[in-house]
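> What would the 3D arrangement of this be:
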Amino acid sequence: MHIGNYLMISGSELLKEPELYRKYVKCFEMMSISRFLIKERDKYIQIAKIVELKYDSEIEILADMEILFFNKALLIDPTVRVLFDNRERDEFTFEFDEGEMEYLKYMGSMIRRYQVNEDYGLGEKFISSMLGNIVLHYNLLLNRSNEKELNVKTYNQERAYKFFDAIVMYHNINKRMSFYADEIMVSKRTLSKITKEVYGKSPKSILDNYIVERAKEYLKRPELTLKEISANLGFSETNNFLAFFKKITKQTPTEFREVFLGSSLY
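Predicted coordinates:
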C-alpha cells in the first residue's frame with residue numbers, strides 16, 4: 001500500500017504492529033483519533049482528538065479507536081483550511097443521531113477504499129474533498145452545540161479567502177505582496193490587517209508556508225531534481241530556493257527528502 005498524504009487505520013491494527021505507529025509519525029503531520037460510544041437508542045457520542053505529531057507523538061492507542069493520519073496539504077479549500085487552522089481546541093465531544101452516524105461510517109469506509117486504490121493521485125483528490133466535507137460537517141456540529149450560526153461572509157473573511165485563492169493560483173508566478181493586494185482589491189496595509197485578523201499571520205508568512213508545503217510535496221517525489229522543484233515554485237535560481245527552504249524549515253531540501261524517503265512505506 002502506497003503511503004502519501006493520508007492513511008486510515010484502527011487502533012487494533014496498530015496495536016498488533018506497534019512499530020508501524022513510529023513510522024507513521026515520521027510520515028505525517030497530523031493525526032485524528034476518535035472513539036464512538038452508544039449514549040441511548042439511536043444516539044451516539046464521539047470523543048475525538050486532533051494531534052499535531054510534530055509536538056505530540058506520545059499518544060495512548062486503544063483498540064476501539066479509529067485513526068486518520070494526514071498531511072495538511074490535503075486541506076486545499078481555503079475555507080476548510082481556515083476552519084482547521086483556527087480551531088480553538090483539539091479535543092471534542094460530539095453527539096450524533098443514527099443518520100449522522102451512518103454518514104461518518106460511510107466517509108470512513110470510502111477513505112479506506114481509496115487508500116488502496118491503484119490510482120493514488122485520483123484517490124488523493126477524492127480524499128481531499130471528503131476530508132474538507134468532514135471538517136465542514138464537524139464545524140456545523142460545533143456551531144449547533146454552541147447555539148450559534150457560522151458566518152464566513154464578512155468582508156474581511158471574504159478578502160482573506162480570496163487572498164489564499166490567489167496564493168494557490170499565483171505562488172509560482174509572483175511573490176510580491178503588492179501583487180496579491182491588487183488581486184483582492186485592497187491596499188498592502190489592509191491586506192496585512194485582514195490576514196492577521198482572520199489567519200493570525202502576516203501575508204508573507206502565509207505565502208511562505210504555502211510554498212514550503214508545496215515544496216515538501218515535490219520533495220517526496222524522488223524523480224524530481226532540486227532544479228526542477230525550484231523552477232516549479234517560481235524561483236529564478238536554485239540557490240534561492242535552497243536558502244528559502246532552510247530559512248523556513250531549519251533543514252535543507254535534501255535533508256528533508258532523505259528523512260522522508262528513509263521512512264516512506266510501500
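
> May I have the phi/psi pair for residue 156?
Backbone geometry at residue 156, expressed as degrees, to the nearest 10, gives phi -60, psi -40.

> what about it, distance to residue 104?
Computed as Cβ to Cβ, to the nearest Å, the residue 156 to residue 104 distance reads 32 Å. Every C-beta, even on glycine, is put in place using the N, C-alpha and C of the backbone.

> And stretch 99-114, what's buried?
Neighbour counts over stretch 99-114 (16 or more other Cβ atoms under 10 Å) mark 101, 104, 107-108, 111, 114 as buried.

> Dump those to CSV, plus pLDDT and distance to residue 139.
What follows is the buried residues of stretch 99-114, written out as CSV (pLDDT from 0 to 100; distance: Cβ to Cβ, whole Å):
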residue, pLDDT, distance to residue 139
101, 78, 18
104, 77, 14
107, 77, 15
108, 79, 18
111, 78, 19
114, 75, 23
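
> Can you tell me which of the residues you listed is nearest residue 20?
Lowest distance from residue 20 to the buried residues of stretch 99-114 (Cβ to Cβ) belongs to residue 111, with 17.3 Å.

> List the buried residues in the helix or strand where residue 209 lies.
Under the criterion of DSSP states H and E, residue 209 resides in helix 203-219. Using 16+ other Cβ under 10 Å as the test for burial, helix 203-219 gives 203, 206-212, 214-216, 218-219.

> Any regions of the stretch 101-250 of the chain where pLDDT drops low?
117-123, 137, 140-154 (pLDDT under 70).

> which residues in the stretch 151-266 of the chain form helices?
In the stretch 151-266 of the chain, the segments counted as helices under DSSP state H, counting those that start in this stretch are 155-170, 177-183, 188-198, 203-219, 226-232, 238-249, 253-263.

> Make TSV out of those helices and add distance to residue 68.
Listed next are the helices of the stretch 151-266 of the chain as TSV, based on distance: least, Cβ to Cβ, whole Å:
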stretch	distance to residue 68
helix 155-170	24
helix 177-183	33
helix 188-198	26
helix 203-219	19
helix 226-232	28
helix 238-249	24
helix 253-263	19
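
> out of those helices, nearest to residue 10?
helix 253-263 (21.4 Å).

> Check which helices and strands that closest one sits against.
helix 18-27, helix 203-219, helix 226-232, helix 238-249 (3 or more Cβ pairs under 8 Å, 6 or more residues apart in numbering; DSSP states H and E).

> Mind listing residues that contact the last one?
Read it as helix 238-249. 208-209, 211-212, 215, 226-227, 229-230, 233, 235, 251-253, 256 (Cβ atoms under 8 Å, 6 or more residues apart in numbering).

> Serialize the helices and strands packed on helix 253-263 to CSV and add fields for distance to residue 190.
Below are those laid out as CSV (distance: least, Cβ to Cβ, whole Å):
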stretch, distance to residue 190
helix 18-27, 40
helix 203-219, 10
helix 226-232, 31
helix 238-249, 25
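
> Surely residue 178 is in contact with residue 186?
No: counting by Cβ atoms under 8 Å, residue 178 does not reach residue 186; the two are 10.8 Å apart.

> quick one: which of those two has more around it?
residue 186 (19 against 11; other Cβ atoms under 10 Å).

> did I read that right, residue 111 in a helix?
Yes: assigned with DSSP: H, G, I helix; E, B strand; the rest coil, residue 111 falls within a helix.

> So it versus residue 236, what's the distance?
40 Å.
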